[in-house]
Structure formats: structure tokens, C-alpha cells
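Novice: Predicted model, plus sequence, below.
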Amino acid sequence: METKIPEIVAREILFSYAGSNNHLLDLKRKVLELKNYSLSRPQADYVIKYEKVIPKVARKWVKVFSSFAEKMREDRLLPVAPEQIWVEKLLCETDKAYHIWGKVVDGDILHAFWVPKIAIIPEEKKLNRTIDYSPYDNRPPMDHQKEAIEKLLANDKFILADDMGLGKTTAAVIAALESGAKKILIVCPATLKINWEREIKNYTDRRILVIEGRKWGSTFDFYIINYDILKNFHTTDKSEDSEAYKLIANNGFDLAIVDEAHYISNATAQRTKLLNDILGIIPKVWLLTGTPMTSRPINYYNLLKIVESPLALNWQSYVRRYCAGYQFRVGNRKVWNTSGASNLDELREKTKNLVLRRMKTDILDLPEKIITPVYLELQSKFYDNELEDFIRISSENKQKESISVTLNRLMNIRQLIAMEKIPYTCELIDKFIEQNKKVIVFTNFTASLDALHEKYKKNSVILDGRMSKDKRQESVDKFQTNDKIKVFISNIVAGGVGITLTAAEGVIMNDLSFVPAHHSQAEDRAYRHGQTKSVLVYYPVFDNTIEIQVYNILQKKKNIIDQVMGDGEYGDTFASELLKNLL
């Protein structure tokens with residue numbers, strides 16, 4: 001079959017064209033009225049490609065970014081750069097640009113021109129309804145959380161990038177309930193799965209599945225899964241045989257919430273590829289991260305791609321503009337260097353309608369101390385064996401020993417928990433360090449203190465009972481004045497009173513004391529006279545151990561005067577309640 005020349009095909013199309021694309025109508029007029037008029041190859045390709053596309057009527061002024069406006073000023077010899085353009089119609093679009101029927105300045109005649117998608121300032125979307133927050137009165141959201149909720153609900157694709165401690169999880173849960181979504185996928189680190197389950201249960205009795213290993217269910221409303229096991233339920237393989245391994249993709253999720261979304265900043269990582277593939281078919285996607293990483297814009301690229309920012313349409317343009325990217329030769333191949341940063345103010349300006357980022361210092365309705373439990377799951381045969389021995393011996397000696405002696409025999413279990421907790425505590429410490437913030441870590445035991453110090457040897461100091469008074473003060477002074485020292489690791493008794501550590505914005509309790517006063521006093525090392533910021537206090541707690549019982553009793557008793565034991569003894573009611581729960 002003879003292949004027709006595109007210019008001839010396009011002329012034939014134009015002869016009968018009766019659509020509303022003004023550019024095609026203009027070409028049709030020229031072909032019919034001008035005898036010697038011939039179409040160029042790009043014009044012919046345009047006619048063939050877009051003759052069946054129906055233009056969309058817009059009739060509105062659209063704001064453009066200053067860099068594009070300045071280019072228009074130069075190209076068109078305008079006296080000033082236009083801040084907006086009039087869009088009468090959107091004739092068609094490519095992956096990277098819009099073809100507009102409109103004008104640049106008010107006095108222009110309407111004409112066709114191309115505008116890069118990245119030149120358009122997206123309209124800020126606002127929620128067109130009022131939310132009734134009364135169903136959430138048991139734990140009502142604060143004003144800044146309501147703003148986050150309404151931003152999420154107004155945008156199908158959005159990044160909530162608030163600072164640590166501002167309650168992103170609460171905001172996302174309430175927004176999910178208000179969104180009308182029937183099936184919700186929550187992807188988070190393994191250590192946060194229990195937290196998400198608990199937060200959802202604070203506000204609803206809808207069915208929740210916390211996914212472990214390879215177990216799946218099909219009749220739940222919330223599905224909570226960690227990054228590491230996504231591969232058990234999804235594959236990027238496109239073959240027909242692979243459909244059985246796409247449980248997540250085939251489950252009909254309306255909404256996906258991705259917590260600690262910076263986990264998928266590396267586009268070459270397997271979990272990033274898997275999650276990108278999954279999120280591509282879910283209509284609503286909300287990304288949560290306290291570390292949006294604009295200081296290394298290459299790590300920001302994949303998040304922007306997921307929320308469909310025009311800036312992420314072209315990787316090469318992005319890295320040149322915002323990563324100071326350049327190519328260099330390694331042997332016979334060219335490699336990109338994307339580790340730099342450039343035009344960050346422009347990047348922030350061009351993404352502001354897709355991202356909500358607020359620091360604790362910006363928020364007026366925060367309490368002075370924000371106390372947050374982080375619920376964890378302990379998997380240890382040693383713990384189970386130790387607890388069995390404790391319960392057996394305690395039951396045998398129930399009438400023979402005092403409460404204090406019984407509780408002292410829990411020492412081995414408490415030390416085991418303290419050591420098992422270290423990797424999770426390190427995750428929290430790393431979050432503070434990533435944001436260039438200082439943090440205090442308290443522990444009851446020398447072994448856990450030394451292990452933490454070994455992990456952060458170059459940027460931490462310690463304080464415990466082995467040190468002289470002068471050495472203790474030296475640790476305090478270094479932490480308060482040396483920008484390189486980010487972590488203060490202390491025994492909860494030795495460092496819990498009498499010192500001021502206002503350089504810290506966070507406190508982490510690696511393990512729990514049985515004396516409620518120890519925690520109140522230790523929390524306040526950072527929150528003292530001279531502190532100008534809200535202080536985050538984290539309690540990582542193993543949910544399936546005696547620690548959860550200790551934590552619950554501590555919270556209940558902490559402010560009751562008869563439990564504040566200055567001599568370090570256990571309060572009788574505290575000890576009795578704990579032993580009653582255990583035995």
C-alpha cells in the first residue's frame with residue numbers, strides 16, 4: 001500500500017475540518033484562500049495528530065512564572081514582563097506543553113501559541129465545603145492540623161511536609177475519613193505500623209488490616225503495609241502470569257497515604273519502582289514527610305513526579321535547573337552529577353501549591369511539650385523466656401518477698417528491652433540530625449548508654465554516674481555551645497535533674513524508669529528557662545511487653561503527688577498495679 005505524504009494527508013483533513021481548533025481553522029483558511037500556500041512538515045504533523053482533539057474553553061487569566069514571563073518580554077519586545085496570560089481555549093496539549101488560543105497582553109488579538117507546562121503557576125485548590133469536626137471531639141485536631149486536613153482534601157495529589165511533631169498522622173487519618181474513600185492503603189516504615197493502627201482506632205471502628213509477611217485480606221477498609229514487604233504483594237512484571245502477584249494493584253484502593261515518603265526518593269531503588277507503579281493507578285495519593293529534602297533537590301524529584309508536578313515532566317531539565325546538574329565522561333560513557341543545588345527559591349515557589357511545609361516555630365497553637373508514644377513490636381525469644389521465669393518465681397514467692405524485691409528481679413528484662421530498643425531509638429535520633437536539630441536521649445542502663453555513644457561517637461556526649469562533676473559539666477557545655485555535637489546521651493537519674501539543655505528540641509526515652517518523677521524531670525531538661533521552641537518528647541514503647549503496662553501506669557500516675565518519690569523508691573500503688581497486671 002502506498003504511504004501518503006503527511007502534507008497531502010493534512011491538506012485533505014483541512015478541506016473537511018469542521019471542529020473548533022482555531023489554529024486548524026486558520027490553516028484551513030490559508031489552504032483554501034492562498035493558492036501557493038503549502039504546509040510545513042510540523043504543521044502537517046499537528047493537523048494529523050490533533051484534528052480529532054476537542055479544544056476546551058477556558059476564558060480566564062492564568063498566572064505564569066517570572067522566568068517564562070521575562071522570556072516573553074524579550075521575544076515580543078514588551079515594555080514589561082506579563083504576570084499572566086489570557087487563555088480563551090486550550091487547543092491541545094503534549095506531555096510538556098499546552099497549545100493555547102489566547103493573548104499575552106490585554107490589547108492583543110487572540111492567536112495560537114505554545115506554553116510549557118512548567119511555566120504555568122498551578123491554581124491553589126481550596127476545599128469547597130465546611131468540615132464538621134465534632135465527630136473527632138475525643139481527640140480534636142488543633143488549628144494547624146485542620147489546615148493540613150483541608151489541604152489534603154482539596155488536592156488528590158499532595159505532599160504534607162510539616163516539621164516533626166506537628167501531627168501529620170492525625171491530620172491524614174481525619175482527612176482520609178472525610179474523603180469518602182472506601183479502601184485506603186497506608187505505606188510506612190515497619191516501626192510505625194502500630195502507631196497508624198492506634199491512630200485510626202482513635203477516630204473510627206472501620207476494619208483495619210496490618211499486613212505481615214505474605215498474609216492478605218480483601219474485606220478491610222484500611223490496609224497498613226511497610227515498605228520492605230511491598231514486593232510480596234506487587235510486581236512490575238508486565239506478563240499475564242504476573243497478575244496473580246498484583247494484590248495491591250488489583251484491590252481497588254481509592255486513596256494511598258505514604259508516610260516517611262523520603263524513603264522513595266531514590267528512583268533506582270526497588271521499593272521506589274514498586275510503589276511508583278502502585279501509586280500510578282490510585283486516584284488519590286498523599287505523601288507525608290518531615291524531611292522534604294529541598295537542600296538536595298534530586299531527592300525531591302520522585303515525590304514531585306508522584307504528585308504530578310509539571311517540574312517533574314523532564315528529568316534532565318529538572319536536574320540542570322535545580323541540581324546544578326552536568327554531565328562528565330567516565331571511560332566511554334557519560335554520567336550525570338546531580339548532587340548539587342540551584343535555584344532553590346524558584347523550586348519552592350513553583351511547588352508551593354502542591355506542598356504544605358511548616359516548622360514548629362511557625363505554629364502558634366502548639367503545646368510547650370509535645371509528648372508522643374511510638375509503639376513498636378518486639379520479637380525476641382529471650383524476652384519470652386525471661387518473662388516466663390519471672391512470673392514463675394514471683395508466683396512461687398508471692399508471700400515471701402516484698403514488692404521492691406520482686407520488681408528488682410525484673411532488671412534482666414528491662415536491660416534486654418533497653419538493648420533491643422536501640423535501633424528504633426537511632427531512627428528517631430537520625431530524624432533530628434537530618435534536620436540539623438539537637439536531641440537528648442535518656443536510658444537507665446550503662447550498656448545501652450555506651451552502645452548509643454559508640455553509634456554517635458563523633459557527634460555525641462554522655463553523662464552518667466561514672467563521670468566526675470567537671471566532666472559532666474564539660475558534656476553539658478559542649479552540647480549547649482558546639483554545633484557539631486547533636487546528641488546528648490544520659491543516664492536518666494544522673495542527668496535527669498539539675499542541668500539545662502535548652503539547645504535540644506527533642507527528648508527520647510530509650511527505656512523506662514519505674515519512678516514516674518524521673519521522666520517528668522528528664523523531659524524538662526530541654527524545656528527550661530531560655531527555651532524558645534516547642535520540645536518534642538518521644539517514648540518508643542514495645543507494645544507486646546511489660547513496657548506498655550509500665551508506660552500506661554506512668555502516664556496515669558505521673559502527675560499525682562503521692563507518686564513523686566524523691567528518694568527513688570517505687571510508689572506502692574505503682575508497684576502494686578504493675579505486679580497485678582503481670583501476675
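Specialist: Perfect, I can see it now.
Novice: and the helix or strand residue 49 falls within, what other elements does it pack with?
Specialist: In this structure, residue 49 sits in helix 41-50 according to DSSP states H and E. Secondary-structure packing of helix 41-50 (3 or more C-beta pairs under 8 Å, 6 or more residues apart in numbering; DSSP states H and E): helix 6-16, helix 22-33. The C-beta positions use only the backbone N, C-alpha and C, and glycine is treated the same way.
Novice: Please enumerate the strands of the stretch 101-250 of the chain.
Specialist: 111-116, 157-160, 184-188, 208-210, 222-226 (DSSP state E, counting those that start in this stretch).
Novice: let me fix that: the stretch 451-583 of the chain
Specialist: Going by DSSP E, counting those that start in this stretch, the stretch 451-583 of the chain shows strands at 460-463, 487-491, 504-509, 535-542.
Novice: any chance of these in JSON lines, with distance to residue 434, mean neighbour count and mean pLDDT too?
Specialist: Output for these, formatted as JSON lines (distance: least, C-beta to C-beta, whole Å; neighbours: other C-beta atoms under 10 Å; pLDDT from 0 to 100):
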{"stretch": "strand 460-463", "distance to residue 434": "15", "mean neighbour count": "22", "mean pLDDT": "94"}
{"stretch": "strand 487-491", "distance to residue 434": "13", "mean neighbour count": "26", "mean pLDDT": "95"}
{"stretch": "strand 504-509", "distance to residue 434": "12", "mean neighbour count": "25", "mean pLDDT": "92"}
{"stretch": "strand 535-542", "distance to residue 434": "14", "mean neighbour count": "23", "mean pLDDT": "92"}
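Novice: so how far is residue 154 from the nearest residue to residue 24 once chain neighbours are set aside?
Specialist: Of all residues not flanking residue 24 in the chain, residue 17 sits nearest, at 5.5 Å (C-beta to C-beta, 6 or more residues apart in numbering). As judged by C-beta to C-beta, to the nearest Å, residue 17 and residue 154 stand 39 Å apart.
Novice: Can you tell me the closest non-neighbouring residue to residue 149?
Specialist: Nearest to residue 149 is residue 175, by C-beta to C-beta, 6+ apart, at 4.5 Å.
Novice: Do I have it right that that neighbour meets residue 147?
Specialist: No. The criterion here is C-beta atoms under 8 Å, and residue 175 misses it with residue 147 at 11.1 Å.
Novice: Comparing these two, which shows the higher neighbour count?
Specialist: Counted by other C-beta atoms under 10 Å, residue 175 and residue 147 do not tie: residue 175 has more neighbours, with 27 against 16.
Novice: Please report how far that one lies from residue 168.
Specialist: In terms of C-beta to C-beta, residue 175 sits 10 Å off from residue 168.
Novice: quick one: common contacting residues for these two?
Specialist: Counting by C-beta atoms under 8 Å, 6 or more residues apart in numbering, the contacts common to residue 175 and residue 168 are residue 148.
Novice: Which residue is the nearest non-sequential neighbour of residue 325?
Specialist: Nearest non-adjacent residue to residue 325 (C-beta to C-beta, 6+ apart): residue 319, at 3.3 Å.
Novice: Could you count how many residues lie near that neighbour?
Specialist: Residue 319, neighbours per other C-beta under 10 Å, totals 22.
Novice: And the closest residue to residue 372 other than its chain neighbours, how far from residue 162?
Specialist: Nearest residue to residue 372 in three dimensions, chain neighbours excluded: residue 538, at 5.5 Å (C-beta to C-beta, 6+ apart). Residue 538 sits at a distance of 16 Å from residue 162 (criterion: C-beta to C-beta).
Novice: all helices in the stretch 201-350 of the chain, in order from the N-terminus.
Specialist: Remark: helices assigned in the stretch 201-350 of the chain by DSSP state H, counting those that start in this stretch are 270-279, 301-306, 315-322, 344-351.
Novice: Quick check: buried residues in the third one?
Specialist: Neighbour-count burial for helix 315-322, counted by 16 or more other C-beta atoms under 10 Å, picks out 315, 318-322.
Novice: So what's the gap between it and the chain middle?
Specialist: Centroid separation between helix 315-322 and its chain, computed with C-alpha atoms, centre = their mean, to the nearest Å, is 23 Å.
Novice: Just the pLDDT at residue 502, thanks.
Specialist: pLDDT, residue 502: 85.
Novice: One more: residue 563?
Specialist: Predicted confidence (pLDDT) for residue 563: 34.
Novice: Could you provide the helices of the stretch 201-350 of the chain in TSV, with additional columns for mean pLDDT and distance to residue 417?
Specialist: Conversion of the helices of the stretch 201-350 of the chain to TSV gives the following (pLDDT from 0 to 100; distance: least, C-beta to C-beta, whole Å):
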stretch	mean pLDDT	distance to residue 417
helix 270-279	93	29
helix 301-306	93	36
helix 315-322	90	45
helix 344-351	85	43
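Novice: Out of those helices, which is the most enclosed?
Specialist: When these are scored by mean count of other C-beta atoms under 10 Å, the highest mean neighbour count falls to helix 301-306 (a mean of 22).
Novice: what about it, distance to the chain center?
Specialist: 12 Å.
Novice: got any ranges where the protein has weak pLDDT?
Specialist: 1-3, 239-245, 293-295, 398-399, 401, 528-532, 557-575, 582-583 (pLDDT under 70).
Novice: Which helix runs longest in it?
Specialist: Selection of the longest helix in the chain by residue count, based on DSSP state H, yields helix 411-434.
Novice: right, and the helix or strand after that helix?
Specialist: Per DSSP H and E, helix 411-434 leads on to strand 438-443 as the next helix or strand towards the C-terminus.
Novice: Remind me what that next one packs against, helices and strands.
Specialist: Against strand 438-443 (3+ C-beta pairs under 8 Å, 6+ apart) you get helix 411-434, helix 446-455, strand 487-491, strand 504-509.
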